[in-house]
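**Student:** for reference, the sequence and a predicted model appear below.
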Amino acid sequence: SQTIHQWPATLVQPVGSPLSLECTVEGTSNPNLYWYRQAAGRGLQLLFYSVGIGQISSEVPQNLSASRPQDRQFILSSKKLLLSDSGFYLCAWSPRRTAEKLFFGSGTQLSVL
Amino acid sequence: AQSVTQPDIHITVSEGASLELRCNYSYGATPYLFWYVQSPGQGLQLLLKYFSGDTLVQGIKGFEAEFKRSQSSFNLRKPSVHWSDAAEYFCAVTGGSYIPTFGRGTSLIVHP
């Protein structure tokens, strides 16, 4: 069966520090991969999605970036965190070329202080 | 462009009472519609989905939703709410692409 792993679960970082959040999927191949951010009371904001290795689409311009070095690995990064980067980050995957169903990771609560 | 509106930020119901969460969408053709549930500090889990066919769809945990094209709605219902149903509920739409658009969510509070 397919599983998605996202870590860390909680992260506290100072302003200006770098960020790296990792997400991996098991039990499937060629998934679509997504990074969402959830701010309190504001729903889910799509940050990045990827339909293949090295293929990244950005939905919102900001100081975050994403990479997909392997088929089932999706990384969210920042060189210098801002206070506004605080939030709950969710990784998700769906079968290739369809959003029939999204499978979500358990999320990372990021606090930038 | 597709969009989703969940007009209620919070809904409070008593345990055992019926529930209806509202969702309105905007999309030019037949949409794919979803309801997800999120427990505190967790990811989202799919409750049910509508692609085509019967407009009343059944999901997990006793939930159902009805697609009404004339009203551009996909409201979620449950006849009797349990305390464990307290969570955040998200409606989502996709036009057949792989990029779903989510509503901002409705927080369900269940009173004993």
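**Tutor:** In hand now; what should we look at? Numbers count the residues shown, from 1 in each chain, chains lettered A, B, ... in the order given.

**Student:** so which bits of chain A are right by chain B?
**Tutor:** Residues of chain A lying close to chain B (CB under 8 Å from any CB of the partner chain) are A:6, A:32, A:36, A:41-44, A:46, A:49, A:51, A:88, A:90, A:92, A:94, A:97-102, A:104-107, A:109. C-beta here means a position set from N, CA and C on the backbone, and glycine is covered the same way.

**Student:** okay, the residue nearest in space to the middle of chain B and A:V12: tell me how far apart.
**Tutor:** Taking CA atoms, centre = their mean, the centroid of chain B lies closest to B:W35, which sits 3.7 Å from it. To A:V12, B:W35 is 33 Å away according to CB to CB, to the nearest Å.

**Student:** one more: B:Q45?
**Tutor:** Relative to A:V12, B:Q45 is positioned 27 Å away (CB to CB).

**Student:** out of the two, which sits in the more crowded spot?
**Tutor:** Ranked by neighbour count (other CB atoms under 10 Å in any protein chain shown), B:Q45 and A:V12 place B:Q45 first, with 15 against 10.

**Student:** list phi and psi for the nearest residue to that one once chain neighbours are set aside.
**Tutor:** Spatial nearest neighbour of B:Q45, excluding adjacent residues (CB to CB, 6 or more residues apart in numbering or on different chains): B:V37 at 5.5 Å. Main-chain torsions, B:V37, degrees, to the nearest 10: phi -120, psi 140.
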